[in-house]
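Peer 1: Turn this into a model:
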Amino acid sequence: LTETQFCWSMAQSGLANPNPVVRTLVPSSSNNTSDDFCAEDVFDVISVIRDPEHPYNLGELYVVDEQWITVEYKDPPPGTKGLREGNIHIQIKPTVPHCHLVQHIALCILIRLDRYLPALVRWRIQLQLKEGSHESEQEMNKLINDKERVAAATENPDIMGPVEQCIDDEVCV
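Peer 2: Numbers count the residues shown, from 1 in each chain. From the prediction side, this is the model:
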């Protein structure tokens with residue numbers, strides 16, 4: 001399937017949002033000169049993920065925004081050889097309050113970040129729906145941060161096939 005065919009085949013039963021608002025993203029000119037990943041770097045990695053329902057990416061659909069991302073670091077205690085810790089908090093905003101693809105989009109974000117984040121940091125990623133953006137917000141927040149569910153999903157080829165279609169480098173441009 002082509003990218004567009006895939007996006008539309010995912011929605012054969014009817015689009016949750018038939019008329020999404022689409023914005024034009026200006027390519028990043030990251031000024032980050034350190035080795036640390038910053039909010040802008042995280043946004044650059046996740047904003048290009050293809051939406052499973054529309055032929056647009058998450059940045060264009062305003063599902064993610066750089067202003068909704070925080071990155072914090074914590075050094076290991078002095079005299080220890082532990083890894084530095086990095087905490088990333090990302091708020092996401094579904095295009096409609098009844099979006100049924102929140103878990104799929106969250107999995108795409110987690111897996112793509114896992115592939116791009118520097119390995120010399122122990123990362124903790126927390127996803128959260130923007131307040132008031134989904135009718136089952138609290139339940140969804142628990143589900144998208146459930147480590148066991150995420151691990152099980154990554155082992156399931158029926159789940160990972162569609163995820164790979166959305167996060168593949170060839171479609172994430």
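
Peer 1: which SS state does residue 89 fall under?
Peer 2: strand (DSSP: H, G, I helix; E, B strand; the rest coil).

Peer 1: and it, what does it touch?
Peer 2: 69, 70, 126, 128 (CB atoms under 8 Å, 6 or more residues apart in numbering). (C-beta placed from N, C-alpha, C; glycine too.)

Peer 1: helix or strand for the second one, which one?
Peer 2: When elements are defined using DSSP states H and E, residue 70 is found to belong to strand 69-74.

Peer 1: now that strand: mean pLDDT?
Peer 2: The predicted model assigns strand 69-74 a mean pLDDT of 96.

Peer 1: partners of it in the sheet?
Peer 2: strand 84-92 (antiparallel) (DSSP bridges).

Peer 1: hang on, the earlier thing: and the contacts of residue 89, which of them are buried?
Peer 2: 69, 128 (16 or more other CB atoms under 10 Å).

Peer 1: and the residue of the chain lying at maximal distance from its centre, what element?
Peer 2: What lies farthest from the middle of the chain is residue 79; by CA atoms, centre = their mean that is 35.2 Å. Following DSSP H and E, there is no helix or strand that holds residue 79.

Peer 1: Next one, pLDDT for it please.
Peer 2: 79.

Peer 1: Closest to the centroid, which residue in the chain?
Peer 2: Centre-nearest of the chain using CA atoms, centre = their mean is residue 109, 2.3 Å out.

Peer 1: Touching, that residue and residue 127? I think so.
Peer 2: Yes. Taking CB atoms under 8 Å as the definition, residue 109 is a contact partner of residue 127 at 6.5 Å.

Peer 1: shared neighbours, these two?
Peer 2: Going by CB under 8 Å, 6+ apart, residues that sit against residue 109 and also against residue 127 are 90, 92.

Peer 1: Kindly provide the distance from the residue nearest to the centre of the chain to residue 164.
Peer 2: The gap separating residue 109 from residue 164 is 14 Å, by CB to CB, to the nearest Å.

Peer 1: just residue 96 next, same as before
Peer 2: Distance from residue 96 to residue 164, by CB to CB: 25 Å.

Peer 1: again with residue 158
Peer 2: In terms of CB to CB, residue 158 sits 12 Å off from residue 164.

Peer 1: try residue 78
Peer 2: 42 Å.

Peer 1: neighbour count winner among these two?
Peer 2: residue 164 (13 against 5; other CB atoms under 10 Å).

Peer 1: that's a helix at the more buried one, yeah?
Peer 2: Yes. When three-state DSSP is applied, residue 164 is found to be in a helix.
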